[in-house]
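Student: give me coordinates for this.
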Amino acid sequence: MDKIALNKVINDLNLKILYKSNNFNQIYLETLDINRPGLQLNGHFDSFDDKRVQIIGEQEWYFLNEMSSEERYEAVKKLFSCKIPAIIFMRDRWIHDEIIELAKEMDITLLRTEETFSKFSIKFQNYMEIELAPTIRMHGVLLDVYGVGVLIKGNSGVGKSETALDLISKGSKLISDDSVIIKRIDDRLIGKSPIITKHFMEIRGVGIIDVEKIFGIGFVMDSKEVEMVINLEPWDHEVEYDRLGIDNEYETILDKKVVKFDIPVKPGRNSALIIEIATKNFKQKEQGYNPAEELNKRILGHKLD
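Tutor: I've put the predicted structure just below:
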């Protein structure tokens, strides 16, 4: 996402609306940066970014409060003439009549919060960083398996949800079934479920189930870092599958490489158990132990003997 609706920000951060501009539903925020307009209230607009939300903290409020009504009107009018997306007053401060009048006259959204500037600024920037992060929606099932975020992929009908259900019954946790929203935040891929389908699964022959209600709250999670991809595919006797696992294969998601395993599926093969083993093997490799390399060393040592 490269922008987010102001209306969503207000709802998610629980801001109070004192005046809603006529173009309120068309206002989008494109940056996580905010501005305290101390210089602008003094008439200095060099390098002013009018795309930022304006914050009136304690210092700005006292500065405005010390002005005469006419001075306050002129100072705020210059700020509002820049057509800023919104202005937020901190600590539920009383707002001067001239400012409310100007907000209506110049059609600028006016907001308020009971939080302090330091607390709100951190909250706002963390929220915007997540919301504006590069995002992709992928078809699959995301689980926490032994603490590792595992994205199970594969064509429709290959058995992703059934395999995931088997893993959940053994203690894994569901993050999302069928559709996974993945955001790249810093160098991590964070996956979560669309709100509508959160903690629900579709099992062919049974229908929709609520994993939290059936298994308990300890078997679901809101989000998880995607660390490993499992690609389930029908067994093909013509394909030479990896039998050693010395070198990792990768899948690129949002320009980040993620370890991938291609797991062939056929009747009688326990896909859930194989994924559990793949996860444990992945954790061993992360800790510096590669069993394939260890076996290779033993073979070479045996030949020398």
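
Student: low pLDDT regions in the stretch 101-250 of the chain?
Tutor: Applying pLDDT under 70 to the stretch 101-250 of the chain flags the ranges 241-246.

Student: so where do the strands sit in it?
Tutor: 110-112, 135-139, 141-145, 148-153, 173-176, 179-185, 188-192, 200-203, 207-210, 223-225, 228-234, 249-253 (DSSP state E, counting those that start in this stretch).

Student: quick one: which of those strands is nearest K266?
Tutor: Among those, the nearest to K266 by CB to CB is strand 228-234 (7.2 Å). For glycine as for every other residue, the C-beta is placed from the backbone atoms N, C-alpha and C.

Student: now the strands of the stretch 101-250 of the chain in JSON lines, with mean neighbour count?
Tutor: Formatted as JSON lines, the strands of the stretch 101-250 of the chain follow (neighbours: other CB atoms under 10 Å):
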{"stretch": "strand 110-112", "mean neighbour count": "21"}
{"stretch": "strand 135-139", "mean neighbour count": "13"}
{"stretch": "strand 141-145", "mean neighbour count": "26"}
{"stretch": "strand 148-153", "mean neighbour count": "24"}
{"stretch": "strand 173-176", "mean neighbour count": "25"}
{"stretch": "strand 179-185", "mean neighbour count": "19"}
{"stretch": "strand 188-192", "mean neighbour count": "19"}
{"stretch": "strand 200-203", "mean neighbour count": "16"}
{"stretch": "strand 207-210", "mean neighbour count": "12"}
{"stretch": "strand 223-225", "mean neighbour count": "19"}
{"stretch": "strand 228-234", "mean neighbour count": "20"}
{"stretch": "strand 249-253", "mean neighbour count": "14"}
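
Student: let me have those in TSV, extended by distance to E101.
Tutor: Shown next, in TSV, are the strands of the stretch 101-250 of the chain (distance: least, CB to CB, whole Å):
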stretch	distance to E101
strand 110-112	11
strand 135-139	40
strand 141-145	51
strand 148-153	52
strand 173-176	48
strand 179-185	41
strand 188-192	43
strand 200-203	50
strand 207-210	52
strand 223-225	44
strand 228-234	57
strand 249-253	51
